[in-house]
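>>> Give me a 3D structure for the following:
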Amino acid sequence: MPQPCDFNRARVAFEQDCTLIAVVEMSLNSWLVAGIVPGIERHPLKKLAVDEHALLKLLHRWQAEAIKVGHNVRRVAVAFEAGRDGFWLARWLRARGVEAYVIHASSVAVSREHRRAKTDRLDTELLKRAFIGWLRGEPHHCHMAAIPTIEEEDAKRANRERENLVCERSRIINRMKACLIRFGVRSFKPTLRKAPEFLARLRTPEGVPLPPNTIAEMRRDMARLRFVRDQIKEIEEARLQRLEQAPKERTHAMVRLLARVIGVGIETADMLVHEVLSRNMRDRRAVARYAGITGSPDESGRKRREKGLARAGNARVRRGMIQLAWRFLRFQNDSALPQWYRMRTANARAGTRNTMIVALARKLLIALWRLVTAGEVPAGVVMRAA
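Predicted coordinates for the structure are as follows:
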């Protein structure tokens, strides 16, 4: 059974005399590689083109230099910040026997000066200090990201593409409505199936038809809307086919189990499983923290206040869970969590409901995590038939 992920500190003993350390500051056109080579006082710094083979060749060259001065390098550890390049380089290096890690950028401590110097060279120094501290086993020195497989990354694309298409659909509809309102037309619905046929007969309050350029623009927008809708439908049908073809596959079984909860649809279940619930989380605190629905206390001396949501986690999960929490109050009204929410907000002042819905979303996410990992059904929750 795989152990829960805990990247607060390294679990392997660190021997500096036989470990080659390198960090990579990645940009669009070049990489800046900084190293700590055993037996060599200088800390080499090398700028490379975006080329993984050149990086591996540089690591082997530094390893040969260390061996030449009498240090047998048995371990090569490379780290870089999570960013635009994703995790492909870490997977590529690990496949070639190099320890590769991806550092959460927000976990690296930086200077708090109002105007601090910031260059790629200084960034590599910060990364080296953070990486060495983590390799020594210092807890919470910096945090490493879990490196997903290609299949795990690909599983998220359908849900994220659908989310972008839904936003595009809303943008097109709002643009068409705004265009019509400029001519005083408010009753026309551009989302109807026969809307293109009715467009030519549409009249403004002055009794004249829409101008020709406006009609042409509306027709093009309607064509875009049909195309986006067809793509959304295609994504949804493909997902249902995947669930039917391999119902016992791990993530598919999780999606089907979540979809049995009344109030949770296939779309929400698919998003939650591939974004958070399929990850091998350490405990319930890690689940809530990854979703970004934990608090951010501000305490110093006598000052005690709460600054609201940390917002450091997955924004998709945070938005989806808050929407699901409101839905849960309607569809699972007699279960334990909605009853707890009503009890806490019965005599509360205005605005407390919106604050407490976040607490309900956090409790609900933890309950769903326990459902898909341990089979523990939340108290009072009504399930659909299998």
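
>>> Going by C-alpha atoms from here, please, whenever you check contacts or count neighbours.
Fine.

>>> and the residue nearest to the spatial centre of the chain, what does it touch?
In the chain, the residue lying closest to the centroid (C-alpha atoms, centre = their mean) is residue 314, at 4.1 Å. Taking C-alpha atoms under 8 Å, 6 or more residues apart in numbering, we find residue 314 in contact with 275, 290, 291, 292.

>>> can you tell me how far the last one sits from residue 322?
Counting by C-alpha to C-alpha, to the nearest Å, the gap from residue 292 to residue 322 is 11 Å.

>>> go on, the second one?
As for residue 290, its distance to residue 322 is 14 Å (criterion: C-alpha to C-alpha).

>>> Among the contacts of residue 314, which lie within helices?
The helices, defined by DSSP state H, take in 290, 291 from those.

>>> Could you pick out the longest helix of this protein?
In the chain, with assignment by DSSP H, the single longest helix is helix 212-245.

>>> helices or strands next to the lowest-mean-pLDDT helix or strand in the chain in the packing?
None of the helices or strands of the chain scores lower by mean pLDDT, DSSP states H and E than strand 303-309, at a mean of 83. Counting contacts by 3 or more C-alpha pairs under 8 Å, 6 or more residues apart in numbering; DSSP states H and E, strand 303-309 is packed against strand 295-300.

>>> how far away is the residue nearest to the centre of the chain from residue 290?
As for residue 314, its distance to residue 290 is 6 Å (criterion: C-alpha to C-alpha).

>>> Also residue 211?
From residue 211 over to residue 290 the distance is 52 Å, taken as C-alpha to C-alpha.

>>> Over to residue 324?
From residue 324 to residue 290 the distance is 17 Å (C-alpha to C-alpha).

>>> Distance from stretch 176-189 to the middle of the chain?
Computed by C-alpha atoms, centre = their mean, to the nearest Å, the chain-centroid distance of stretch 176-189 equals 37 Å.

>>> May I have it exported as CSV, CA atoms only?
C-alpha atoms of stretch 176-189 as CSV (Å, rounded to 0.1, in the frame of the first residue of the first chain):
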residue,chain,number,x,y,z
MET,A,176,-24.6,38.8,-27.9
LYS,A,177,-27.0,40.0,-25.3
ALA,A,178,-25.0,43.2,-24.8
CYS,A,179,-25.0,43.8,-28.6
LEU,A,180,-28.8,43.5,-28.7
ILE,A,181,-29.4,45.7,-25.7
ARG,A,182,-27.5,48.6,-27.5
PHE,A,183,-30.3,48.6,-30.0
GLY,A,184,-33.1,48.3,-27.4
VAL,A,185,-33.8,44.6,-28.0
ARG,A,186,-34.2,42.8,-24.7
SER,A,187,-36.7,40.0,-25.3
PHE,A,188,-34.7,38.1,-27.9
LYS,A,189,-32.9,34.9,-26.6
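
>>> outside of that stretch, which residues touch it?
190, 195, 203, 204, 205, 210, 214, 218, 221.

>>> And those, which is closest to residue 81?
residue 221 (40.7 Å; C-alpha to C-alpha).

>>> residues contacting residue 373?
Counting by C-alpha under 8 Å, 6+ apart, residue 373 touches no other residue.

>>> That one: what secondary structure?
What DSSP: H, G, I helix; E, B strand; the rest coil gives for residue 373 is helix.

>>> Just the local confidence number for it, please.
You'll see residue 373 listed with a pLDDT of 93.

>>> Next one: it from residue 322, what distance?
According to C-alpha to C-alpha, residue 373 and residue 322 sit 21 Å apart.

>>> can you check residue 348 too?
Residue 348 sits 20 Å away from residue 322, going by C-alpha to C-alpha.

>>> Out of those two, name the residue with the larger neighbour count.
Between residue 348 and residue 322, counting by other C-alpha atoms under 10 Å, residue 322 is the more crowded of the two (21 against 11).

>>> And the strands in this structure, which stretches?
Listed in chain order, the strands found in the chain under DSSP state E are 19-26, 30-36, 45-49, 75-81, 99-103, 295-300, 303-309.

>>> ok, residue 71 - contacts?
Shown in contact with residue 71 (C-alpha under 8 Å, 6+ apart): 17, 18, 38, 39.
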